[in-house]
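# The sequence and its predicted three-dimensional model are supplied below.
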Amino acid sequence: MRLDPLAYLGEQLLDWKQAGTFQPLRVLEGPSAAESRFDGHDVINLASNNYLGLTTHPKLIEAAIAATRKYGAGSGAVRTISGTMDLHMQLERRIAQFKNVEACVVFQSGFAANAGTVAAVLTPDDHIISDALNHASIIDGARLSRAKIHVYPHRDHVAAGNILSELAGEPGRKLVITDGVFSMDGDIGPLPELVAHAEQFGAIMMVDDAHSSGVLGRNGRGTIDHFGLHGRVDIQVGTLSKAIGVLGGYVCGTKDLIEFLYARARPFLFSTSHPPAVAAACLAAFDVLEEEPERIERLWENTRYFKKGLREAGFDTGLSESPITPVMVGDEAKAYQFSAALFEAGVFATGIAFPTVAKGKARVRTIVSATHTEAQLARALEVFARVGKRLGIVGI
Ligand SMILES: *Cc1c(COP(=O)(O)O)cnc(C)c1O
């Protein structure tokens, strides 16, 4: 009999399972909402990026259905062949207007937007100056570009400035890149300082606002708006998959940047465009952002309430400044055990460990949304305190 050449994968899996570091998938049996049914359990959902509750907003659902009836289920091709629908163009114009920039290109996901853009604008002669905790899609884009990668310690803008200063005499372009809000810690990148360094050294400035789109800035315009840095960030990335509630990523910038990406970004050229339902639902989401700003207010009220409750219960919540609040555990198996015990008690918060975060920095990550009620959050806090004490994560 033929030996399975992939047998080593099974061995690796067995090791992870025995060490308690393999996390099985949780299966959602209905809509993603404040309270959802996963694996047959009704739980308070603190594990989704659906910040504003838009995944189930009637306007988005109706827009998706209407577009499907009018245009069908799929787009039929990549954007550059025959898969550009008027809906795709409308969405790009809508986002550019919302972000107050010249132009916008929409990708299939935030991941594709980052990886496709970084790889397209840089060459092996260039340099990328990147925060140590930037998202994996930025890291992959940097690797694909084959530019020289210079990683500075998390949020250390002085170190970023020093790298730029050391590279000042070197040939090649320099690109400074940071997440707006960091996905695993919930802290905010030092944009004003990084922008100043980029300007001083003539570097390109790029910000990934995946977790700040719909969350920070006026009507959720993101960190550039939050810090008042309009016109000073050359490449703004956002996602349509988190607060916007649907799927996709976008890049905003000058008309030339966007036309260049139309011509050279590989996910744009080689992967099929969004189904019409996705583009139409995203368009409806931008209407909701402008018509229902109270959703963002509720999100921040819930954020303050939940963070305060976790801190009062004695948890280490790191340095978060956003609706993402990590509950630090340290040990990988312990973080997964904590998450599993919370789930049994009716609260879903994901255990996050290596390779998503550094070894020894495992945590349970919580994300509140605008649609959680105070009663749900109070119940979640009570469960956290009880289970946290039982597992020795907080003192008694
Ligand atoms: C989630 C995320 C992405 C990827 O976005 P998708 O639309 O889910 O592909 C990119 N960057 C950051 C910082 C993220 O958190």
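That came in fine, so what should we check first? Residues are numbered from 1 along each chain as shown.
# contacts, neighbours, all on C-alpha from now
OK.
# in stretch 243-261, what's buried?
243-254, 257-258, 261 (16 or more other C-alpha atoms under 10 Å).
# now swap in stretch 228-236 and tell me
Under 16+ other C-alpha under 10 Å, the buried positions of stretch 228-236 are 232-236.
# So which of these belong to helices?
Among the buried residues of stretch 228-236, none falls in helices (DSSP state H).
# who's in contact with the spatially most central residue of the chain?
By C-alpha atoms, centre = their mean, the chain has its centre lying nearest to residue 210, at 4.1 Å. Neighbouring residues of residue 210 by C-alpha atoms under 8 Å, 6 or more residues apart in numbering: 110, 179-181, 237-239, 242.
# Could you tell me how far the residue lying closest to residue 230 once chain neighbours are set aside is located from residue 344?
In space, and not counting its chain neighbours, residue 230 is closest to residue 224: 6.2 Å by C-alpha to C-alpha, 6 or more residues apart in numbering. Separation of residue 224 from residue 344 (C-alpha to C-alpha, to the nearest Å): 40 Å.
# what's the nearest residue to whichever residue of the stretch 1-150 of the chain sits closest to the ligand if we skip its chain neighbours?
Proximity of the stretch 1-150 of the chain to the ligand (C-alpha to the nearest ligand atom) peaks at residue 110, 3.4 Å away. In space, not counting the residues next to it along the chain, residue 110 is nearest to residue 249; the distance is 3.7 Å by C-alpha to C-alpha, 6+ apart.
# picking that back up, which among the buried residues of stretch 228-236 gets closest to residue 133?
Nearest to residue 133 among the buried residues of stretch 228-236: residue 236, at 17.8 Å, using C-alpha to C-alpha.
# Quick check: the closest one touching residue 207?
Yes. In this structure, residue 236 is within contact of residue 207 by C-alpha atoms under 8 Å, at 5.2 Å.
# tell me the domain ranges of the protein?
For the chain, automatic domain parsing gives the domain ranges 20-51+293-390, 58-291.
# Let me have the ones you listed in TSV, extended by mean pLDDT.
Below are the domains of the chain laid out as TSV (pLDDT from 0 to 100):
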stretch	mean pLDDT
domain 20-51+293-390	96
domain 58-291	97
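# could these go into a markdown table alongside distance to residue 10?
A markdown table is the format used below for the domains of the chain (distance: least, C-alpha to C-alpha, whole Å):
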| stretch | distance to residue 10 |
| --- | --- |
| domain 20-51+293-390 | 12 |
| domain 58-291 | 25 |
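# so residue 350 sits right up against residue 48, yeah?
No. Using C-alpha under 8 Å as the test, residue 350 is too far from residue 48 to be in contact (9.2 Å).
# Between the two, which is the more surrounded one?
Set residue 350 next to residue 48 and count neighbours by other C-alpha atoms under 10 Å: residue 350 wins out with 25 against 20.
# beta partners of that one?
Taking DSSP bridges as the rule, residue 350 bridges to residue 365.
# what's around the nearest residue to residue 273 once chain neighbours are set aside, how many residues?
Leaving aside its sequence neighbours, residue 273 sits nearest to residue 78 (C-alpha to C-alpha, 6+ apart; 5.3 Å). Look at residue 78: counted by other C-alpha under 10 Å, it has 17 neighbours.
# How about residue 164?
By the criterion of other C-alpha under 10 Å, residue 164 has 25 neighbours.
# can you tell me the helix or strand for it?
helix 157-166 (DSSP states H and E).
# Please point out which parts of that helix sit buried.
157, 159-161, 164.
# and the ligand, which of the residues you listed contact it?
Among the buried residues of helix 157-166, none lies close to the ligand by the criterion of C-alpha under 6 Å from any ligand atom.
# part of a strand, is residue 151?
Yes. Using DSSP: H, G, I helix; E, B strand; the rest coil, the assignment for residue 151 is a strand.
# Run through the bridge partners of it.
On the basis of DSSP bridges, residue 151 is bridged to residue 130.
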